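J.: My questions concern the predicted model and sequence given below.
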Amino acid sequence: MNKPVWIRHASQLATLAGGSSSPVTGARMNELSIIEDGSVWLENGVIERVGTDAELASAYRERAHEAVIIDAAGKLVTPGLIDPHTHLVHAGSRQNEFNMRLNGATYMEIMNSGGGIHATTAATRQATHEQLYAESKRRLDQFLLHGVTTVEAKSGYGLTLEDELKQLEVAKKLDEEHPVDLVSTFMGAHAVPREYKDAPDAFVDLVIEQMIPEVARRKLAVFNDVFCERGVFTPEQSRRILEAGMRHGLLPKIHADEIEPYEGAELAASLGAVSADHLLRASDRGIELMAEAGVIAVLLPGTAFFLMAESANGRKMIDRGVAVALSTDCNPGSSPTVSLPLIMNLGCLKMGMTPAEVLTAATINAAHAIRRAHEIGSIEVGKKADITIFDVPDFMTLQYRYGVNHVDTVIKKGTVVVAGGRLV
Ligand SMILES: O=C(O)CC1=NCN=C1
Ligand SMILES: [Zn+2]
């Protein structure tokens, strides 16, 4: 049995307490519930006590000698970061497309010419389970080094039943074996594969009639996602796919209004989706309907940055009452990064969010976006002992001194897995 871990004298212990019952919206996104000179006792994989150092010193006087003591003086202590939108499990690279885009080619031009998602699909179909596992494990290790303790992971580069199952099986094995927890999303509706380009509706039928039932039967995913975009899946096709998922117990998520306005936000609201993601081109009406329906906006400013596009208007969404979460969108084409801290910087610098709001968006609201806020996303008694310690004195400095990985220590379910910025 692991020794207890006692984190002492945090200059700022940002607990995010109080936001677990429902997605955090409006002014509450600025409330981090910070304890100065904070202290946390972790035992048996869960958070046992949270308070000032003086309170815990008196409560644990007799047991201090049993614990691994971590001196967090001068450091910011937060919940383990959570990435609610990744395409983690994939093979290969699309580095060749980077240069094409720097020379003016658009994301959709590349995709329509057989690159983009189709290129990664070809590589992923070819890869063995072991190859997919090894490549994805390296990315998970990097996520950990950037303070992330839970990630959502989508399929969507197989586009056949067999290859979609392969991706989801790899994600399941990583969840079982790697310190980072994974929450899986089926995304067979990521693109119409080349072999169906003249019969897109037949592919939609394949997703609905064969893939969704089998994924649900094997319990390989919690969510069902679709790329609702002009030239990929229409709102009508997307609705059919998401409703089929709901009939099989898969909760709906949607890639919405990423490249062009396409009423994806409106569709998310009408279905009561857990989240609508991207939203760079979401309409005011769509944002209003999302707020009314309680749909979380998962914003991906790294993707906008990498595609050299305008970011989604996070400021407007928060001011209109939408709960906002942040994510890397880790994928080989439009956002090949694992740095959720950089995404938080971009939330401030490109989307008008405050340093407090981006921390809420990368912790408790990200937990809500994967329906895990009952167990992660804040430092509260009884939750998983997932903690990240940054070598900065406060949450403002974390945004001010941008582009640097400030992660010093990461604790996963009460075990130190990163120390001094290195994997243990
Ligand atoms: O391009 C990719 O591989 C990931 C992506 N799906 C929808 N937008 C970006
Ligand atoms: Zn995505």
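T.: Received the coordinates, thanks. Ligands and ions are numbered 1, 2, ... in the order given.

J.: How about stretch 204-219, which residues are buried there?
T.: The neighbour-count check on stretch 204-219 (16 or more other CB atoms under 10 Å) flags 204, 206, 207, 208, 211, 212, 214, 215, 216 as buried. Where you see a C-beta, it was placed from the backbone N, CA and C, and this is true even at glycine.

J.: I'd like those laid out as JSON lines, including pLDDT.
T.: Shown next, in JSON lines, are the buried residues of stretch 204-219 (pLDDT from 0 to 100):
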{"residue": "204", "pLDDT": "98"}
{"residue": "206", "pLDDT": "98"}
{"residue": "207", "pLDDT": "98"}
{"residue": "208", "pLDDT": "98"}
{"residue": "211", "pLDDT": "98"}
{"residue": "212", "pLDDT": "99"}
{"residue": "214", "pLDDT": "98"}
{"residue": "215", "pLDDT": "99"}
{"residue": "216", "pLDDT": "98"}
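
J.: Chain neighbours aside, what residue packs nearest to the residue of the chain found nearest ligand 1?
T.: For the chain and ligand 1, the shortest gap (CB to the nearest ligand atom) falls at residue 333, measuring 3.3 Å. Leaving aside its sequence neighbours, residue 333 sits nearest to residue 94 (CB to CB, 6 or more residues apart in numbering; 4.6 Å).

J.: my read: the one you found touches residue 335, true?
T.: No: using CB atoms under 8 Å, residue 94 is not in contact with residue 335, being 11.0 Å away.

J.: Report the separation between the two terminal residues of stretch 325-337.
T.: 17 Å (CA to CA, to the nearest Å).

J.: show me where the stretch 51-200 of the chain has strands.
T.: Taking DSSP state E, counting those that start in this stretch, the strands of the stretch 51-200 of the chain run over residues 68-71, 76-79, 81-83, 148-154, 181-189.

J.: list the contacts for residue 400?
T.: Contacts for residue 400 were tallied using CB atoms under 8 Å, 6 or more residues apart in numbering; they are residue 355.

J.: quick one: pLDDT of the closest residue to residue 124 other than its chain neighbours?
T.: In space, and not counting its chain neighbours, residue 124 is closest to residue 157: 3.9 Å by CB to CB, 6+ apart. The model reports residue 157 with a pLDDT of 98.

J.: hang on, residue 157 packs against residue 90?
T.: Yes: at 4.9 Å, residue 157 and residue 90 qualify as touching, with contact defined as CB under 8 Å.

J.: could you point out which element follows the one helix or strand residue 298 maps to?
T.: Element membership for residue 298 (DSSP states H and E) is strand 296-299. Later in the chain than strand 296-299, the nearest helix or strand by DSSP H and E is helix 301-306.

J.: can you list contacts of stretch 91-99?
T.: Residues outside stretch 91-99 that contact it (CB under 8 Å, 6+ apart): 105, 110, 115-116, 119-120, 123-124, 126-127, 131-132, 135, 157, 332-333, 336.

J.: out of these, which are buried?
T.: 110, 115-116, 119-120, 123-124, 127, 132, 135, 157, 332-333, 336.

J.: How about the residues of this protein by ligand 1?
T.: Counting by CB under 6 Å from any ligand atom, the chain comes close to ligand 1 at 87, 116, 117, 120, 227, 255, 258, 331, 332, 333, 334.

J.: And the strands in the stretch 301-424 of the chain, which stretches?
T.: Here the stretch 301-424 of the chain has its strands, by DSSP E, counting those that start in this stretch, at 324-326, 387-390, 407-412, 415-419, 422-423.

J.: re the thing from before, quick one: which two of the buried residues of stretch 204-219 are the most distant?
T.: With CB to CB as the measure, no two of these lie farther apart than 204 and 216, at 16.9 Å.

J.: Got the domain ranges for the chain?
T.: 5-80+378-423, 81-370 (the TED database).

J.: from those domains, which stretch is densest packed?
T.: Counting by mean count of other CB atoms under 10 Å, domain 81-370 has the highest mean neighbour count of the domains of the chain, with a mean of 22.

J.: now do the same end-to-end measure for that one.
T.: 13 Å.

J.: I'd like the numbering to begin with 3 instead of 1 from here.
T.: Got it, the first residue is 3 from now on, which makes the last one we talked about domain 83-372.

J.: Give me the below-cutoff pLDDT ranges for the stretch 53-202 of the chain.
T.: Along the stretch 53-202 of the chain, no part satisfies pLDDT under 70.

J.: Quick check: residue 5 vs residue 12, distance?
T.: 19 Å (CB to CB, to the nearest Å).

J.: same question, residue 205
T.: Taken as CB to CB, the span from residue 205 to residue 12 is 51 Å.

J.: do residue 191 as well
T.: Counting by CB to CB, the gap from residue 191 to residue 12 is 44 Å.

J.: Report the two of the buried ones among the contacts of stretch 93-101 separated the most.
T.: 112 and 134 (22.9 Å).

J.: average pLDDT for stretch 351-367?
T.: Averaging pLDDT along stretch 351-367 gives 98.

J.: CA atoms of that stretch as PDB?
T.: The C-alpha trace of stretch 351-367 is given here as PDB (Å, rounded to 0.1, in the frame of the first residue of the first chain):
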ATOM      1  CA  LEU A 351      -4.400  35.600 -25.400                       C
ATOM      2  CA  LYS A 352      -6.700  34.700 -28.300                       C
ATOM      3  CA  MET A 353     -10.200  34.100 -26.800                       C
ATOM      4  CA  GLY A 354     -10.400  36.900 -24.200                       C
ATOM      5  CA  MET A 355     -10.600  34.500 -21.200                       C
ATOM      6  CA  THR A 356      -9.200  35.400 -17.800                       C
ATOM      7  CA  PRO A 357      -6.300  33.500 -16.100                       C
ATOM      8  CA  ALA A 358      -8.900  32.100 -13.600                       C
ATOM      9  CA  GLU A 359     -11.400  31.100 -16.300                       C
ATOM     10  CA  VAL A 360      -8.900  29.100 -18.300                       C
ATOM     11  CA  LEU A 361      -7.900  27.100 -15.100                       C
ATOM     12  CA  THR A 362     -11.600  26.400 -14.500                       C
ATOM     13  CA  ALA A 363     -11.900  25.300 -18.200                       C
ATOM     14  CA  ALA A 364      -9.000  22.900 -18.000                       C
ATOM     15  CA  THR A 365     -10.100  21.300 -14.700                       C
ATOM     16  CA  ILE A 366     -13.700  21.100 -13.400                       C
ATOM     17  CA  ASN A 367     -15.500  22.100 -16.600                       C
END
